[in-house]
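# sequence below, structure please.
(chains A and B)
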Amino acid sequence: MSRVVLNLDPQLVVGNQKDPFIQNENTLPLNQIIPRIIAERGSFLNLTEESLSEEINSEREVLTKQAIHVASDEYDDADDDEAKTRGEEFLKSRNEIIGLVQSALNESSLSLDFVSLMISAVKPNLGNLTMSPHLKQHVPAGSLTSHRVYTVPYAGEPLQPKKLIHTEEGSQESDLVVPTRDMKIGHGWKLESLERTAGLLRETSIRLSEEILREKQYWSNINHVLANSHNSLFKVREGRVREIGVKYGYHESGSRYHLDKGVAILKRLPDGELAFTPVSSHANTVSEEEVHRYVRVRVVTKVDDEWCVTGESMCGFRTATSEAHGSSNETGSPGAKVEDNGSSGENVDTNGSFDMDIEGNGITESNLDATRQGNEPPVDGITTKIQRAQFFLFEEELFYQLTREASSLLPYQVTLSSEKIVLENGTDELIEIDAAHPQERRNFSHANDNRADCMASFLRLMLCHQHRRALQANQRMPSPSSGTQRLEPLLLRPLVGHIRHHAHLAKMQGMLEALFDDGEPVQVTKYFNLKRQDYAADPLVRAITPPMSKFMKVVVDGAERLEIKVVMSATASFCNSYISVAIVRVGEAGRVKLLDVNFTDVREVADCLGWALHSFRSG
Amino acid sequence: MHKKPLALLEKVNGNSALMLQKLFSIIELSTVEGKPKETLAVEILQIESNAATIIRLAEELLTVTRTLKENWILGQLKLDDDQYNELERNLDLKMNDLIEKVSSVERTVIR
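Sure thing, here's the model as predicted:
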């Protein structure tokens, strides 16, 4: 690509302005042209005669070529015209470009002036530096900002403005105003504004006073909940909204049930009322009726080769008002009314006088009547809901723990199938434990209802006791090796153990009475392994200690006596039992221990004792 | 714990003083005499912003009462020892009675 050198003709620049960058090469002084030559062609060191002649020749060739071209052009008329127009076009375009460049220059200097003028308001020195002299002469510095707009003070009738407003162009516009009209406008504006303000304040005061009423309602509700339940309230931050939560779970009482923490939020409804919303994993998916089940114990007996229910425990849930009435009436009753240290929901009496207070909505008609008469606030529903949730949480945990324990009790005739735990006694009786809806109420009473209720109460008490043990374990200083110890569930085991123990006792007593056959009942001491002070330390100690009972019998034959002592005890796992027999002969030779053996079966004991008696009586 | 009531008191005092001040300035701003149009335009906006500020201050006072209630309600510690002791008393006897009940019925059934 050949280099085309463009020379700008200084004559073409219109006007008197002379561009300092456009220079005539022929008039350049020597000290300027030499660096230029070096810049364009390189150092003079490389200059040779041959290279110069070559260059001259090539230039000459180009010139001759152009000459030939021009000559050939001359022969063609049409081409000639075209060339002429092309040259004209070129000149025209060049002028156009120059015009554009000039206007751009002008524009840029104008905008520079504008920016300088603006800057001069803030930084006068900087603005003055770049301002053009023409602008400086006509426009005062810093006049483009609003605070330099001089306003006209009113002092009566139309006035000549004292100062003029300088616009950018420097033209002068007088701001002629009519003050009376402005005064009127001002009055209007002010009145409008004051009216708006007054309206706003009025609206707000109405809104806020309503808000205060709602707030009052809300807090009185909260206060009522606080006064009427034993649960702790705490702050909850749910997103941006602050709510008050209620903890009705048993974790502070030692429960380690993790599926439902027993926390609910008392949501604030727009009208200041409360809404009880439990926070649990299944609260949103399953309806309340699905979740709320109680542990039901049923006694099934074989009557005429047919299994039929002869006893069924009730749902012991009561509402707050009936509980208050009940506790005041029953303080003197002999029934075992026991409550867990943290729970208020399960209130059990064993008189068999259970009130079925729970309907689908949780409030019976009698309670509603009491509510109407006693001017109770409507939040009573909330406390009932809390108590309901608390009660059924306890039942849920109870059933969970029961199934957990039942799975390990398979060798002891405890079966777990389709959400039902079945205990077999080895007799014509089964004990079934399942989770039932409170609505499944029994229609008629059975013979063993009271016993079923007792068993259900027993299971509940055992769970309370387990909580207590967990609480004590939590309070103990952890030993470095063990870490957090796992508590074995101890709910079904004592029940099974006690039932078996008593069955064995009855069997043994029958056997012994048949064996001695002297018309005297055999003396039995139950739970002789427990002392009075043990009860003082832990009231439930009998339930968690494997039972131990002993039979004492003295057979007298002349001067000699045979003291027979049979001790029946259960192993630590409650379910296996062993029988130890000790026979002491007291006679002339003093006390002689004849026998001290352990058995596991009543039959073996009978054989052993039969032999011992026989040998004693025969001498 | 000591600072909180002081801060609340200060807030109540400060807010009521500010509300009065804003109301005063609304009244002051409502004069028209001898003011140019531009000033008037600015002043009407000032009046409205003062009103908005008064509303905000009033709402803040409401939160003060809410905080007080919240602290009072949630700061309570319930003590009902009497009830608890009443329940604790003779618990062992009741428990034994219960076990006895379960077992006695059991025995009659077995026999």
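
# quick one: distance of the top helix by length along chain B to the chain centre.
As assigned by DSSP state H, the longest helix anywhere in chain B is helix B:37-74. Distance of helix B:37-74 from its chain centroid, counting by C-alpha atoms, centre = their mean, to the nearest Å, is 19 Å.

# just the mean pLDDT for it, thanks.
Helix B:37-74 shows an average pLDDT of 87 in the prediction.

# does it reach chain A?
Yes - applying C-beta under 8 Å from any C-beta of the partner chain, one finds that helix B:37-74 is in contact with chain A at B:37-38, B:40-41, B:43-45, B:47-48, B:50-52, B:54-55, B:58-59, B:62, B:65-66, B:69-70, B:73-74. All C-beta spots, glycine's among them, are computed from the backbone N, C-alpha and C.

# and residue A:230, that's in a strand?
No - counting by DSSP: H, G, I helix; E, B strand; the rest coil, residue A:230 is not part of a strand but coil.

# count of residues packed around it?
Neighbours of residue A:230 under the rule other C-beta atoms under 10 Å in any protein chain shown: 16.

# can you get me the centre-to-centre distance for stretch B:25-38 and its chain?
With C-alpha atoms, centre = their mean, you get 41 Å for stretch B:25-38.

# C-alpha coordinates for it, PDB please?
Output of stretch B:25-38 as PDB, limited to C-alpha atoms (Å, rounded to 0.1, in the frame of the first residue of the first chain):
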ATOM      1  CA  SER B  25     -43.200  25.500  63.500                       C
ATOM      2  CA  ILE B  26     -46.300  24.600  61.500                       C
ATOM      3  CA  ILE B  27     -48.000  27.600  63.000                       C
ATOM      4  CA  GLU B  28     -45.000  29.700  62.400                       C
ATOM      5  CA  LEU B  29     -44.800  28.700  58.800                       C
ATOM      6  CA  SER B  30     -48.500  29.400  58.100                       C
ATOM      7  CA  THR B  31     -47.900  33.100  57.800                       C
ATOM      8  CA  VAL B  32     -48.000  34.500  54.300                       C
ATOM      9  CA  GLU B  33     -47.300  38.200  54.600                       C
ATOM     10  CA  GLY B  34     -44.300  39.500  52.800                       C
ATOM     11  CA  LYS B  35     -43.000  36.300  51.400                       C
ATOM     12  CA  PRO B  36     -42.200  35.500  47.800                       C
ATOM     13  CA  LYS B  37     -43.800  32.700  45.900                       C
ATOM     14  CA  GLU B  38     -40.800  30.500  46.000                       C
END
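
# hang on, the earlier thing: packing partners for the longest helix of chain B?
helix A:179-228, strand A:232-238, strand A:241-247, helix B:3-29 (3 or more C-beta pairs under 8 Å, 6 or more residues apart in numbering or on different chains; DSSP states H and E).

# name the strands paired with the second one and say parallel or antiparallel.
Counting by DSSP bridges, the strands paired with strand A:232-238 are strand A:241-247 (antiparallel).

# what's around the nearest residue in space to residue A:465 that is not next to it in sequence, how many residues?
Nearest residue to residue A:465 in three dimensions, chain neighbours excluded: residue A:540, at 4.7 Å (C-beta to C-beta, 6 or more residues apart in numbering or on different chains). By other C-beta under 10 Å, 23 other residues sit near residue A:540.

# now do the contacts for residue A:540.
A:461, A:462, A:464, A:465, A:468, B:91, B:92, B:95 (C-beta atoms under 8 Å, 6 or more residues apart in numbering or on different chains).

# which of the residues you listed tops the neighbour count?
Among those, the one with the most neighbours (other C-beta under 10 Å) is residue A:461, at 26 neighbours.

# and that one, how far from chain B?
Distance, residue A:461 to chain B, using C-beta to the nearest C-beta, to the nearest Å: 7 Å.

# before we move on, back to that, let's have the contacts of residue A:540 in JSON lines, adding secondary structure and distance to residue A:410.
Converted to JSON lines, these look like this (DSSP: H, G, I helix; E, B strand; the rest coil; distance: C-beta to C-beta, whole Å):
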{"residue": "A:461", "secondary structure": "helix", "distance to residue A:410": "25"}
{"residue": "A:462", "secondary structure": "helix", "distance to residue A:410": "20"}
{"residue": "A:464", "secondary structure": "helix", "distance to residue A:410": "26"}
{"residue": "A:465", "secondary structure": "helix", "distance to residue A:410": "24"}
{"residue": "A:468", "secondary structure": "helix", "distance to residue A:410": "28"}
{"residue": "B:91", "secondary structure": "helix", "distance to residue A:410": "33"}
{"residue": "B:92", "secondary structure": "helix", "distance to residue A:410": "33"}
{"residue": "B:95", "secondary structure": "helix", "distance to residue A:410": "29"}
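
# any chance of those in a markdown table, with distance to residue A:224 and pLDDT too?
What follows is these, written out as a markdown table (distance: C-beta to C-beta, whole Å; pLDDT from 0 to 100):
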| residue | distance to residue A:224 | pLDDT |
| --- | --- | --- |
| A:461 | 31 | 84 |
| A:462 | 34 | 85 |
| A:464 | 28 | 85 |
| A:465 | 33 | 83 |
| A:468 | 30 | 83 |
| B:91 | 31 | 71 |
| B:92 | 36 | 69 |
| B:95 | 35 | 72 |
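
# could you pull out the helices for the stretch 51-200 of chain A?
Here the stretch 51-200 of chain A has its helices, by DSSP state H, counting those that start in this stretch, at A:77-122, A:124-130, A:133-138, A:179-228.

# check which residues of the third one are buried.
So that's helix A:133-138. A:135, A:136 (16 or more other C-beta atoms under 10 Å in any protein chain shown).

# kindly export it (C-alpha atoms) in PDB.
Extracted as PDB, the C-alpha positions of helix A:133-138 are listed here (Å, rounded to 0.1, in the frame of the first residue of the first chain):
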ATOM      1  CA  PRO A 133     -12.600  35.800  27.500                       C
ATOM      2  CA  HIS A 134     -15.800  36.700  25.700                       C
ATOM      3  CA  LEU A 135     -17.900  34.900  28.300                       C
ATOM      4  CA  LYS A 136     -15.900  36.400  31.100                       C
ATOM      5  CA  GLN A 137     -16.600  39.800  29.800                       C
ATOM      6  CA  HIS A 138     -20.300  39.400  29.500                       C
END
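
# list the contacts of it.
Contacts for helix A:133-138 (C-beta under 8 Å, 6+ apart): A:113, A:116, A:117, A:128, A:170.

# fine, thanks again, bye for now.
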